Each structure stands twice: as structure tokens, then as C-alpha cells.
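Asks: Give me coordinates for this.
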Amino acid sequence: MDITDIVKAVSVADALFVAYHGVLVPPVTPRYRATPDSTILELLSLLRRRMKVIVVSTRSCSALSKIAESVDALICCNGCETHLPDLIVVPRAVHSYAHVVLDIARKLESAEMITVELRRTSFGDAVGLAIEWGGTLSKGDRERLELEIKLGIDK
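Replies: Residues are numbered from 1 along each chain as shown. Here you go, the predicted structure:
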């Protein structure tokens, strides 16, 4: 696929879904220090004249508040929260698994090479985690991480 194919596809689209990390912000470490690229935001502003622009991210919506006015919708918190101009949507089920998310975060915070960030909805519910690790994990930390991922998937 070349640029001509991409332009043709976009010209007939009703909406464009854009990833926050890697598209709007450069892939820097740590990720929370990344800031939106103004040139990309200007491009999205131009595209909004022709289609809806929706930004998706694993981050909490509060972390994306700077760009909310520049797009038509935000899908954040690992997909558990959607912000529209006059509406915030959070699935009812988030209350039933917030305790599992918190439990997994607590168990992982003692690992040396792992940084755990909670993903909270605008209403404060813990609905997801971002786990980053630098370098090689020790055998114990790897086993702990694998166990907690399995627990999260099972729940």
C-alpha cells in the first residue's frame, strides 16, 4: 500500500481512528512525558472538516484532556471510557472488576523493573493497568507478571 492508496481510502471514510501514542505523541520513555505534536493536531483539525476524528488510547481520559477540543471523541482507559462532546460513557460493569485491577497493581508494585500505572475513569474507577518494564525481568518478576496477567484474563 502506498500513499495514494491511503489518500483514496481516507477520502471516502466517515471517521478516522488515531492512536494517541506513536501518532499524536512520539514514543518516548517514560510515556507520561510525551506531549501531542502540534503539526499532527493541525492536520487532524483539517481532517475534521471532512470526517469524525476519534483518538484511542490506553491512558486515562484526564491525560488526554489537552486534545479533547481538537477531536470529535476520545476512547481511553483501555477502551473502558468514551468522551463525546456532551457525554461520557463508562460501562456499568467496571464496578465489578475494579477490585481485581487494584489487587493486581498492588501485587506488581514490589517488582523491581516494572512500573505500573493505574487507568482510572473520570469517576475514579480503576479499570485497567499499563505495565512498563525496563530491561530484562528477573525470573521471579517475570513469573509474577505472567501470573497476574493470567489472573486478569481469567477475571
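
Asks: hey, let's count contacts and neighbours off CA atoms from now on
Replies: OK.

Asks: Secondary structure element holding residue 18?
Replies: strand 15-19 (DSSP states H and E).

Asks: Export only the CA atoms of that strand, formatted as PDB.
Replies: The C-alpha coordinates for strand 15-19 follow below in PDB (Å, rounded to 0.1, in the frame of the first residue of the first chain):
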ATOM      1  CA  ALA A  15     -14.300   8.500  10.600                       C
ATOM      2  CA  LEU A  16     -10.700   8.200  11.300                       C
ATOM      3  CA  PHE A  17      -9.400   6.500  14.500                       C
ATOM      4  CA  VAL A  18      -6.000   7.700  15.600                       C
ATOM      5  CA  ALA A  19      -3.700   6.200  18.200                       C
END
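
Asks: for the record, mean pLDDT for the helix or strand immediately after it in the chain?
Replies: Reading on from strand 15-19 to the C-terminus, the next helix or strand found by DSSP H and E is helix 38-47. Helix 38-47 carries an average pLDDT of 88.

Asks: Please point out which parts of the strand holding residue 18 sit buried.
Replies: For strand 15-19, the neighbour count (16 or more other C-alpha atoms under 10 Å) marks 16, 18 as buried.

Asks: Give me the residue at the spatial middle of the protein.
Replies: Against the mean C-alpha coordinate of the chain, by C-alpha atoms, centre = their mean, the closest residue is residue 58 at 1.5 Å.
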